[in-house]
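Student: Let's see this in three dimensions:
(chains A and B)
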Amino acid sequence: RYLANLLIQAYGRCGSLQKAKAVFHGIQNPNLFSYNMLLVAYAQNGDMQAASSLFYGMPCWDVVSWTAMVQGYADQGDLAHAKPLFDRARQRNIVLFTAMLAAYAQAGHLEEARALLKLMPEFNVVTWNAMLAGYAQAGLPEEAQALFSNGMAEWNLVSWNTMIQAYALLGQVDRSVLVFETMAVRDVVTWTSMLCAFNQSMDLISAKQVFDKMPERNVVSWNALVLAYAQSGQTDQASWLFHRLPSLDITSWNTMVAAYANVGHATEALESFYRMQLEGLEPDGTTLTHVLAACNHLGEPEQGRRCFALMGADGDGYHGLLPQKDHYLCMVTILARGGQLKDAAELLNYMPFEPQ
RNA sequence: GUCUAACUAUUCUAAU
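Tutor: From the prediction side, this is the model:
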């Protein structure tokens, strides 16, 4: 059972939910660890349907189970489910509190995050980092600065890396550089954050310099450099680099599809889209957003229809993708610009979102 | 019973 539990975790980490489930069902007497492992696997892969039905079928819950659920919903941006679950948990420890705090912070609900922080019986560096990241992503470097300098009692690499991002997001790259140079220890996230800080300010030269100096690179750093070329309009360079990446993930492909789409190279964008599937990668919602943008440039509504139809409206579509608001709106635009006004209007009516 | 949970980097995505 001990080994089986670990196997569930391993399958969960690489997204093989079917296999994780099979291992779980092969255990004669699953214990709470087994349940939690599978629950975490579902939650972290965004399958909250499965997570929820497992959760309610479990013999008992502990604080880990609650945390998994709260975090799973939070990752989907579903605070409406996360918060009530958090409220219902009897046992709350710092991890559960921090998960809820991070959920608020990531969603930009800083008031709620601050209020929760006040309720917390204890804090640690992860708690403060979660708050710090909230300020950073909301574009509030002053608040982040205040918390970083006066509000926390403990700092780690994550805190410092977050500050680089906080300044970068408001275009204060000089300050990011200052933070970077102050740091005694840096990891690959530090370096990549600095690269992206220069991307923010459209400084390709500095971005490339950072990349060349990095002591260690991973697929994220490579992707960031591809983006650097793409957003400075050097699509050919981006493509050249893309073909030399040591490893490609879905973001690499999405970045490249977007690179083509953004400069109106619709055919190349669609080609990349097909090639990524030939390579065995599953497109996600972001891929389809870029693909539809490319179709919009193409000015051929039929192509747009085909791509849009890949995402089944009833959830049974391609790779289980469901069209989101941006997909609908883009498709409406494609139809409208193609003169198919009736269908555009119909889609507007049909889509499960409020039109704006 | 040594196995499970929280924080930081890359996609910016319709019309304009």
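Student: Off-centre distance for the host helix or strand of A:Trp66?
Tutor: A:Trp66 belongs to helix A:63-75 when assigned by DSSP states H and E. The chain centre lies 16 Å from the centre of helix A:63-75; the measure is C-alpha atoms, centre = their mean, to the nearest Å.
Student: Could you export it as PDB, CA atoms only?
Tutor: Coordinates of the C-alpha atoms in helix A:63-75 are reproduced here as PDB (Å, rounded to 0.1, in the frame of the first residue of the first chain):
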ATOM      1  CA  VAL A  63      -6.600  19.000   6.900                       C
ATOM      2  CA  VAL A  64      -4.700  17.700   3.900                       C
ATOM      3  CA  SER A  65      -7.900  16.700   2.100                       C
ATOM      4  CA  TRP A  66      -9.400  20.200   2.700                       C
ATOM      5  CA  THR A  67      -6.300  21.900   1.500                       C
ATOM      6  CA  ALA A  68      -6.300  19.900  -1.700                       C
ATOM      7  CA  MET A  69      -9.800  20.900  -2.400                       C
ATOM      8  CA  VAL A  70      -9.400  24.500  -1.600                       C
ATOM      9  CA  GLN A  71      -6.300  24.700  -3.700                       C
ATOM     10  CA  GLY A  72      -7.800  22.800  -6.600                       C
ATOM     11  CA  TYR A  73     -10.700  25.200  -6.800                       C
ATOM     12  CA  ALA A  74      -8.400  28.200  -6.300                       C
ATOM     13  CA  ASP A  75      -6.300  27.100  -9.300                       C
END
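Student: Contacts for that helix, please.
Tutor: Helix A:63-75 is contacted from outside by A:32, A:35-36, A:39-40, A:42-44, A:46, A:48, A:51-52, A:55, A:58, A:79, A:81-82, A:85-86, A:88-89, A:91-93, A:95-96, A:99-100, A:102-103, A:106-107, using C-beta atoms under 8 Å, 6 or more residues apart in numbering. Just so you know, the C-beta spots here come from the backbone N, C-alpha and C atoms, and that holds for glycine as well.
Student: Establish whether it and RNA strand B are in contact.
Tutor: Yes: using C-beta under 7 Å from any atom of the strand, helix A:63-75 reaches RNA strand B at A:Val63, A:Val64, A:Thr67, A:Ala68, A:Gln71.
Student: Just the buried subset of the contacts of helix A:63-75, written out for ChimeraX, thanks.
Tutor: Selection of the buried residues among those in ChimeraX, burial being defined by 16 or more other C-beta atoms under 10 Å:
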select /A:35,36,39,40,42,43,44,48,51,52,55,58,79,81,82,85,86,89,92,95,96,99,100,102,103,106,107
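Student: out of the contacts of helix A:63-75, who's near RNA strand B?
Tutor: Within the contacts of helix A:63-75, those near RNA strand B by C-beta under 7 Å from any atom of the strand are A:Leu32, A:Asn36, A:Val40, A:Gln44, A:Asn93, A:Val95, A:Leu96, A:Ala99, A:Ala102, A:Gln106.
Student: which regions of the stretch 101-250 of chain A sit below the pLDDT cut-off?
Tutor: Scanning the stretch 101-250 of chain A for pLDDT under 70 picks out nothing.
Student: export the ones next to RNA strand B among the contacts of helix A:63-75 to TSV and tack on secondary structure and distance to A:Pro352?
Tutor: Output for these, formatted as TSV (DSSP: H, G, I helix; E, B strand; the rest coil; distance: C-beta to C-beta, whole Å):
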residue	secondary structure	distance to A:Pro352
A:Leu32	helix	37
A:Asn36	helix	33
A:Val40	helix	29
A:Gln44	helix	26
A:Asn93	coil	38
A:Val95	helix	35
A:Leu96	helix	32
A:Ala99	helix	29
A:Ala102	helix	28
A:Gln106	helix	24
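Student: what comes into contact with stretch A:48-60?
Tutor: Stretch A:48-60 is contacted from outside by A:17, A:32, A:35, A:38-39, A:42-43, A:61, A:65, A:68-69, A:72-73, A:76, A:78, A:81, using C-beta under 8 Å, 6+ apart.
Student: Same check on stretch A:336-346?
Tutor: With contact meaning C-beta under 8 Å, 6+ apart, stretch A:336-346 is reached by A:Asn296, A:Gly299, A:Glu300, A:Pro301, A:Gly304, A:Val332, A:Thr333, A:Leu335.
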